[in-house]
Each structure stands twice: as C-alpha cells, then as structure tokens.
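Trainee: The following block contains a protein sequence and its predicted model.
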Amino acid sequence: MLRLLLIGTLLLATFVSVPSVRADLDTQLNTYLETMLARYGLAGMSVAVVRDGQVVFSRGYGVRDSESGAPATPQTQFSVASITKSMTALAAMRLAEQGKLSLDVPIVEYLPEFTLRNAEHAKTITLRQLLSHTSALPRDDLTWYIGKIATVKDLLTHLATLPMPRAPKAEFAYNNLGYALAGVVLERATGKPYAELLRELVLVPLGMESATLTYADMQKLPDFAAPHRPDVRKGVQRIAFHPHLNTVIAPAGAVNASALDLANYLRFHMGNGRLAGVPILSAEHLRELHTPVQANYGLGWVTSKLGDLQVIWHNGAIDGFASIIAFAPEHNVGVVVLGNTNYSDNPLVIELIGMGALCLAVDSRNADRLDKLTADFHVFDPAPRAERFAKARAFKPDLSQYTAYEGKYVGLIGQADVSFRDDMLRADVTLGGVFSLSFELVEFELRTFVANGLGVSNDVFTIRLSENGAAAFFQNDTLIGIRPPR
C-alpha cells in the first residue's frame, strides 16, 4: 500500500579503509549504494544527488526488469507513490497564490455535496487540513486498495458512511483518502481534471514533462521499471502492477517519474521556489509547504532530525515500488532514491538508503556515524529471511503429510483456508473479515513455513497438530485460527 536496519559488518567494513575527509563523493556513494542493493536483495534502484542547484551524482543500480535483465538508469521511470502528495500540495499552493482557491475556507465551498456521518464536522474541513493530514477524516486504505473506490461518487459516498467519533480531533493521522478528496477540491475549484492540473502547475514548469500518471502511459516509454518482490525459490521476481491507482486516489500516489525528474523537483524545492532562475512559487509559500503543521508533517513534506542534520523529506510505496526524496536545507544538498522491490517485504529500506546517501553527500565524514544518524530507519534485518529462504530451498518436505494440514482454521482475528493442490500447500488468510492474502507455504523446518507471496515474505507460519486431530495455525507465533478435529 501507499504509504512507513543496523547497517551490518559488511557496510562498516566498506568505509574503514576510506580516508573519510578526502573521500570522493562518487566513489563513496557508489560503494555504499552497491553494498546496500546487495545486502537487501533489491532488484534495482535509481539515485540522484543535487548540490547547490546542480545534479552532482546520478546512477542506476541493478535491473529495472528482472525478466529482460535491462539495467536501471537515472532516466528509468518508477512509481514514486506517495511522493505525489507533495506535488498535489504544490499544485494547491500555486492555485492559492494565483487567487483561484483558498486553503483555509471549508471545502464545502467548492464541494457542497461533501458530508460525513458527523455532518457538522464535514462543514469545517479545509484544504490545508486535508494536505496536512489533520482533518480527522476517517481512514480506510483497504477499500481504495482493493478497487472499491474508483470515482468521485464512490469516494464521497464511502466517506459519508464511514464511522467516526462524535467529537473528532484535528490531530495528525495519515490519510490517503484525504488527498484523494483534496484532488477533487482542486478539480471543482478550477473546472479541470487533476491530471491536467498537475501537468500544468507542476510537471511542465519543473522540467518533468516525461513523468506520467498511469502505468499504461509509463509502459509506453523505452525506460521504465517493473515492480518486483522476493521469491523463496527464484530470488527477486517481477510482479503485476497495482491496478487501482488510475482512479480518484491518483492525487495520493499516481505519479511515475525518474530520478532525474525528481532531481529537478529537488532543485525547485531547494531553490526558494525558482528553477533555473524562473520563479514558480514565492519563497514564503514554499516555506509554508515545508513547515510542519502537526507531528513534523507540513503540506506533503515531513521534517526530521538525523542527529544535528535537519531533513525535509517524503517517502512513497506501492506494490513492487518504494521511493524517497530528501534534502538538507542548511547544506543545500538533496537525494532521490527510487526502487522497484516490494516495500512491505523490505520495510524502510529505501528510506534507510536515501537517508544514508544524504548523510554521505552532506559530509563524507558522516560514514563514521552512519548507523547512529540513520537509526530510526533500521527496522529490517534481511539476514534471518535469507537464512529461512536457503533452508526452504534445501528442505525435502514429506508431501504425503500435507493433506493432514488442510481445512479451515477459524479464530478471533481472522481465518485461514489451507489447501494442498498442484503439489503446493497454500493459505488464503482473511483478517478482520475484510483483508485477504493468498500465498504458498514453503516448509523450511518440520511444520514451519515461510510465506511465498506479496508482502508476507518476512512472516513465519506454523501448523501444530493435536492428538485428537485438531490443528492450530500461527503467524509469527500469533494464533490465526483452530481447525476442529477431522
């Protein structure tokens, strides 16, 4: 979905022999990026670094498509997912600066049919609140993710039915539907489709003409990335493009762009609202985009501290893609990292790589404290997964036992239907009555399995049999359900 790693001994060894003060940026960054790509088993990445308004480093790593073996390049187009939010906010701010709308009047001024279960609260929500995730709008990512919200009518109807508190608080709560609604407001205020507005107000003025808003258009280009995920048996494998971004949800995450496209975007954000000397947005309104409203989130941008380094950034993630754009304003240095390996299988890895690259680009001596500076992004260690995958490839399961595991496992948090077909043990898991996953269970120890599927490769599943024929199904030691005796 749209939307949030000790660097190991190998990485530390990479820098031990480098004279850090005199380290060449290209060499140091290249070594770091190659190490991280290999360590986390990513298909490919594209990277760009901007310093003082100039692109000083751009390179591709790995492949953009594992099937063709085509390499990733700085021109390769990737889904940037939620980085789109900062562009939607910029489009809104440009329209506000032009006097075509206000960020601070209730959106019902532009969208009178908008309502919520708490109708009075609906009348108070502003565009600024939507863009800063402080509208108290009910959150429901699953519905758009599975394709049940495609049109403006779908969105408004769904929002009007979602449960919400009687006294909602205007507190930060990340909300993709809020950005979808913001896009509808921009359309109503101008009479133009969102895609046209974004191209007119953001993409063309910032030299990002080749950027696209649909996967269909992206795949017409000669250099685009395919989405990937880890596979237990085959390594990183190509997967399908997510089918539900070319909908009303587009303002939350539909843009596809290259590292060099986003380098231009960085030049604008680091250039006081100008690009190549051409004014696009006033410096005052640009600062408004970057300035936190609540919880370090501004209008499409996050502000954080990496040690003593202030960083303004945003990430993005959707099936098979992950991205980060970040800059250190006091040093006038920025970084873009785009990847094409599934985010939920590699949580925060692209953010870790991007923040590490930014720290090195600011000062090569940061190599000596990189672990400490990027500590907030060290959430995933790939070594245990790699060990499980290796065991699974070597394990010789007794397939004759698999029919004993079949059946429906029902519990308080969900259920799992386990079946043995085509010489594979499969699980169809439903959690909370709505969220479903289907994947293969690959045994790596007796009745202990690694999941082979999208977004579940880090999970361990176990089946425990009782003497009376009952069985229990666990995910990471959490009981999913029990199957009665057979």
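Mentor: Sure, I can see it. Numbers count the residues shown, from 1 in each chain.
Trainee: make it CA atoms for all contacts and neighbour counts henceforth
Mentor: OK.
Trainee: What's the mean pLDDT across stretch 37-49?
Mentor: Stretch 37-49 shows an average pLDDT of 98 in the prediction.
Trainee: buried ones in it?
Mentor: Neighbour-count burial for stretch 37-49 flags 37, 39, 40, 41, 42, 43, 44, 45, 46, 47, 48, 49 (criterion: 16 or more other C-alpha atoms under 10 Å).
Trainee: Quick check: closest non-adjacent residue to residue 330.
Mentor: residue 310 (7.5 Å; C-alpha to C-alpha, 6 or more residues apart in numbering).
Trainee: got it, and residue 273?
Mentor: residue 281 (4.8 Å).
Trainee: what number of residues lie near that neighbour?
Mentor: Using other C-alpha atoms under 10 Å, the number of residues around residue 281 comes to 19.
Trainee: Now the phi/psi pair for it, please.
Mentor: Torsion angles at residue 281 (phi, psi; degrees, to the nearest 10) stand at phi -150, psi 150.
Trainee: pLDDT below threshold where in the protein?
Mentor: Under the criterion pLDDT under 70, the flagged ranges of the chain are 1-23, 433-434.
Trainee: hmm, back to that, filter the buried residues of stretch 37-49 down to the ones in strands?
Mentor: 44, 45, 46, 47, 48, 49 (DSSP state E).
Trainee: quick one: secondary structure of residue 94?
Mentor: At residue 94 the chain is in helix, as set by DSSP: H, G, I helix; E, B strand; the rest coil.
Trainee: got a list of what the nearest residue to it once chain neighbours are set aside touches?
Mentor: Spatially, and ignoring its direct neighbours in sequence, residue 94 is nearest to residue 281 (6.5 Å; C-alpha to C-alpha, 6+ apart). Neighbouring residues of residue 281 by C-alpha atoms under 8 Å, 6 or more residues apart in numbering: 94, 97, 273, 274.
Trainee: Now do the residue nearest to residue 330 against residue 224, distance only.
Mentor: Noted for residue 310: a distance of 32 Å to residue 224, by C-alpha to C-alpha, to the nearest Å.
Trainee: quick one: which of these two has more around it?
Mentor: residue 224 (23 against 15).
Trainee: Could you tell me how many residues sit around the residue lying closest to that one once chain neighbours are set aside?
Mentor: Using C-alpha to C-alpha, 6+ apart and skipping the chain neighbours, the partner closest in space to residue 224 is residue 77 (4.5 Å). A count of nearby residues for residue 77, using other C-alpha under 10 Å, gives 29.
Trainee: now residue 77: how far from residue 325?
Mentor: Going from residue 77 to residue 325 by C-alpha to C-alpha gives 15 Å.
Trainee: follow-up on the earlier one: farthest-apart pair in the buried residues of stretch 37-49, please.
Mentor: 41 and 49 (22.6 Å; C-alpha to C-alpha).
Trainee: quick one: contacts for residue 447?
Mentor: 462, 463, 464.
Trainee: Then residue 328?
Mentor: 309, 310, 311, 312, 334, 358, 362.
Trainee: Sort out which of the residues you listed are buried, if you could.
Mentor: Looks like these have 309, 311, 312, 334, 358, 362 buried, using 16+ other C-alpha under 10 Å.
Trainee: Just the C-alphas of the host helix or strand of the fifth one, formatted as CSV.
Mentor: Taking DSSP states H and E as the definition, one finds residue 358 inside helix 349-362. This file holds the C-alpha atoms of helix 349-362, laid out as CSV (Å, rounded to 0.1, in the frame of the first residue of the first chain):
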residue,chain,number,x,y,z
VAL,A,349,14.9,0.0,3.4
ILE,A,350,14.7,2.7,0.6
GLU,A,351,14.3,5.4,3.3
LEU,A,352,17.4,4.0,5.1
ILE,A,353,19.4,4.0,1.8
GLY,A,354,18.2,7.5,1.0
MET,A,355,19.0,9.0,4.4
GLY,A,356,22.3,7.3,4.4
ALA,A,357,23.1,8.6,1.0
LEU,A,358,22.1,12.1,2.1
CYS,A,359,24.3,12.0,5.1
LEU,A,360,27.3,11.0,3.0
ALA,A,361,26.5,13.7,0.4
VAL,A,362,26.4,16.3,3.1
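Trainee: Which strands or helices does it pack on?
Mentor: helix 25-40, strand 321-328, strand 333-339, helix 370-373 (3 or more C-alpha pairs under 8 Å, 6 or more residues apart in numbering; DSSP states H and E).
Trainee: Please work out the angle formed by the directions of that helix and strand 321-328.
Mentor: If you take axes from the mean of the first three to the mean of the last three C-alpha atoms, to 10 degrees, helix 349-362 sits at 30 degrees to strand 321-328.
Trainee: where's helix 349-362 relative to the chain centroid, distance-wise?
Mentor: 16 Å (C-alpha atoms, centre = their mean, to the nearest Å).
Trainee: can you check stretch 70-88 too?
Mentor: 11 Å.
Trainee: circling back: and the furthest pair within the buried ones among the contacts of residue 328?
Mentor: Pairwise distances across the buried ones among the contacts of residue 328 (C-alpha to C-alpha) peak at 13.7 Å, for the pair 312 and 362.
Trainee: before we move on, back to that, from residue 127, how far out is the residue nearest to residue 273?
Mentor: Applying C-alpha to C-alpha to residue 281 and residue 127 gives a distance of 18 Å.
Trainee: if we can go back for a sec, measure the residue nearest to residue 330 to residue 263 for me?
Mentor: Residue 310 is 19 Å from residue 263, by C-alpha to C-alpha.
Trainee: which stretch of helix or strand covers the residue most central in space within the chain?
Mentor: Closest to where the C-alpha atoms of the chain average out (C-alpha atoms, centre = their mean) is residue 317, at 1.5 Å. Taking DSSP H and E as the definition, residue 317 sits inside strand 309-318.
Trainee: Tell me the strands beside that strand, with direction?
Mentor: According to DSSP bridges, strand 309-318 forms sheet pairs with strand 302-306 (antiparallel), strand 321-328 (antiparallel).
Trainee: quick one: that strand to strand 333-339, angle?
Mentor: 20 degrees.
Trainee: follow-up on the earlier one: my read: the residue nearest to the centre of the chain touches residue 338, true?
Mentor: No. Using C-alpha atoms under 8 Å, residue 317 is not in contact with residue 338; the gap is 9.9 Å.
Trainee: what do these two both touch?
Mentor: 80, 323.
Trainee: circling back to that earlier point, tilt between the helix holding residue 358 and helix 25-40?
Mentor: 160 degrees.
Trainee: Contact partners for residue 125?
Mentor: Contacts of residue 125 (C-alpha under 8 Å, 6+ apart): 106, 107, 135.
Trainee: Residue 353 too?
Mentor: Neighbouring residues of residue 353 by C-alpha under 8 Å, 6+ apart: 33, 36, 337.
Trainee: want to throw those into TSV with distance to residue 300 and neighbour count?
Mentor: Converted to TSV, those look like this (distance: C-alpha to C-alpha, whole Å; neighbours: other C-alpha atoms under 10 Å):
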residue	distance to residue 300	neighbour count
33	27	24
36	27	21
337	18	32
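Trainee: quick one: which of the residues you listed is nearest residue 477?
Mentor: Distances from residue 477 to the contacts of residue 353, taken by C-alpha to C-alpha, are shortest for residue 36, at 29.9 Å.
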